[in-house]
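[1] Here you go, sequence then predicted model.
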Amino acid sequence: MTRHFLNLSDAGGDAIAAMIADAIDRKAARAGWPKGKADADAPLAGHTLAMIFEKNSTRTRVSFDMAIRQLGGTSIVMESGSMQLGRGETVADTARILSGFCDAIMIRTDDHAKIEEMAHYATIPVINGLTDMSHPCQIMADLLTVIEHGVALPGSEWAWLGDGNNVLHSIIEAAGLMKFNVRIGVPQGYEPDPRFAEEAQARGAQITVSRDAAEVAKGADIVVTDTWISMGQEHAHNKLAAMMPYQVDAALMALAKPNAKFLHCLPAHRGEEVTADIIDGPQSLIWPEAENRLHAQKSVLLWALGKL
Ligand code: CP
Ligand code: NVA
């Protein structure tokens, strides 16, 4: 069966653990090499990844492009606006066409229903490079980063501060699959979709929602936030005002465990969701987190193409 990666549960906890282990091994095996040189085993030699972007991207675009190169394959990167998709060719027909040319599709889209439709019609793996609902590839990099920095996932306490968005949905999903807990500090009206928490809780994770940022941050192993205004959302002043009590600053970070780590998927808005002293400070893992998009995405590609 075609292995799509639309959400983390498409893979499941065991496959996620295997992907992270593979990413750690591959990263170590090529330490110090030129970035464009293929891994020694070039496991995806001859494979082509099609990438479609309906929204801006720096990390997802470059990490997937470098990932397929390091695995020995090649890529075609398309902005949807320059494709026939952008002037009304259906998602279903695009999926069928690309299935005849390429070996996998990575798409970033504004509407999760579109990626589901693409996966339905594609006969090659479809990978979610961010939708309005979720961002599973980002969380693969986050899990890898946290593990690399000595935090065991099971039972760890994650504190999310800010908007209940796509990135949070994938963190909640990961909590259920990898057995950690998420405390969410979010203003009223911006809560995450409760279906993610229900599913994670059914898998044994503790997911709590609070209006009290201090209570959320207290004793956390991981403090994580994201932009208050996601792509495609209006830059609304009332939303920014509602989010302000959830800004991650030194006072909030001081409530977490002394060795707590700070994560942010980037791009960041210093002075909004996080202050500069925290995101650029010693507890911040944002640079390894960003680089790990590459290492994690390689494992996602290998899993999707049946090599893991
Ligand atoms: N974190 C992330 O997905 O970054 P880009 O939007 O730059 O791809
Ligand atoms: N929540 C953000 C993540 C960007 C990588 C957005 O959707 O714009």
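    Perfect, I can see it now. As the structure is a computational prediction, the values presented were derived from the model and not from experiment. Ligands and ions are numbered 1, 2, ... in the order given.
[2] only C-alpha atoms for contact and neighbour calcs from this point on.
    Noted.
[3] wait, Ser299 sits on Ala17?
    No: counting by Cα atoms under 8 Å, Ser299 stays clear of Ala17, with 10.5 Å between them.
[4] of the two, who's got more company?
    Higher neighbour count among Ser299 and Ala17: Ser299, with 26 against 17, using other Cα atoms under 10 Å.
[5] Correct me if wrong, but the more buried one is in a strand.
    No: remark: Ser299 does not belong to a strand; assigned using DSSP: H, G, I helix; E, B strand; the rest coil, it is helix.
[6] need the contact list for it.
    19-20, 22-23, 308 (Cα atoms under 8 Å, 6 or more residues apart in numbering).
[7] run the last query once more with 7 Å
    Contacts of Ser299 were listed using Cα atoms under 7 Å, 6 or more residues apart in numbering, and they are 19, 22-23.
[8] which one of the residues you listed has the most neighbours?
    Met19 (25 neighbours).
[9] Please name the nearest non-neighbouring residue to that one.
    Counting by Cα to Cα, 6 or more residues apart in numbering, Ser299 is the residue found nearest to Met19 once chain neighbours are left out, at 5.1 Å.
[10] which residues touch Arg211?
    For Arg211, the contacting residues are 185-187, by Cα under 7 Å, 6+ apart.
[11] Take the contacts of Ser299 and write them to TSV, including secondary structure, distance to ligand 1 and pLDDT.
    TSV is the format used below for these (DSSP: H, G, I helix; E, B strand; the rest coil; distance: Cα to the nearest ligand atom, whole Å; pLDDT from 0 to 100):
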residue	secondary structure	distance to ligand 1	pLDDT
Met19	helix	19	98
Asp22	helix	21	98
Ala23	helix	18	98
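[12] How about stretch 277-287 and ligand 2, any contact?
    No: Stretch 277-287 lies out of reach of ligand 2 by Cα under 6 Å from any ligand atom, never closer than 12.7 Å.
[13] first vs last residue of that stretch, how far apart are they?
    15 Å (Cα to Cα, to the nearest Å).
[14] quick one: the most centrally placed residue in the chain and Pro194, what's the gap?
    Central residue of the chain (Cα atoms, centre = their mean): Gln138, 1.7 Å from the mean position. In this view, Gln138 and Pro194 are 20 Å apart by Cα to Cα.
[15] Likewise for His4?
    Taken as Cα to Cα, the span from His4 to Pro194 is 24 Å.
[16] Among these two, which residue is more densely surrounded?
    Legend: neighbour count by other Cα under 10 Å for His4 and Pro194, higher for His4 (27 against 10).
[17] Could you tell me which residues make contact with the more buried one?
    Applying Cα under 7 Å, 6+ apart, the residues contacting His4 are 10, 119, 125-127, 304.
[18] Of these, which is the nearest to ligand 1?
    For these, the closest approach to ligand 1 (Cα to the nearest ligand atom) belongs to Ile127, at 13.2 Å.
[19] ok but the closest one is inside a helix, no?
    No: counting by three-state DSSP, Ile127 falls outside a helix, being strand.
[20] For burial, what's the neighbour tally of it?
    26.
[21] Three-state assignment for the residue nearest to Ala304 when sequence neighbours are not counted, please.
    With Cα to Cα, 6+ apart as the criterion, Ala304 has its nearest non-adjacent residue at 5.0 Å, and that residue is Arg3. With three-state DSSP as the basis, Arg3 sits in coil.
[22] Distance of Arg3 relative to ligand 1?
    Between Arg3 and ligand 1 the computed distance is 21 Å (Cα to the nearest ligand atom, to the nearest Å).
[23] That residue contacts Pro125, doesn't it?
    Yes: Arg3 lies in contact with Pro125 (Cα atoms under 7 Å); the separation is 5.3 Å.
[24] With neighbour numbers in mind, choose between the two.
    A direct count of neighbours by other Cα under 10 Å for Arg3 and Pro125 places Pro125 higher, at 25 against 19.
[25] show me the residues around that one that make contact.
    Neighbour list for Pro125: 2-4, 104-105, 304-305 [criterion: Cα under 7 Å, 6+ apart].
[26] Could you rerun that using 10 Å?
    For Pro125, the contacting residues are 1-6, 49, 99, 102-106, 118-119, 301, 303-306, by Cα atoms under 10 Å, 6 or more residues apart in numbering.
[27] Filter these down to the buried ones.
    Among the contacts of Pro125, those classed as buried by neighbour count (16 or more other Cα atoms under 10 Å) are 3-6, 49, 99, 102-106, 118-119, 301, 303-305.
[28] for the residue of the stretch 1-150 of the chain found nearest ligand 2, what are its contacts?
    Across the stretch 1-150 of the chain, the shortest distance to ligand 2 (Cα to the nearest ligand atom) belongs to Asp132, at 6.2 Å. Counting by Cα under 10 Å, 6+ apart, Asp132 touches 108-113, 165-167, 230-233.
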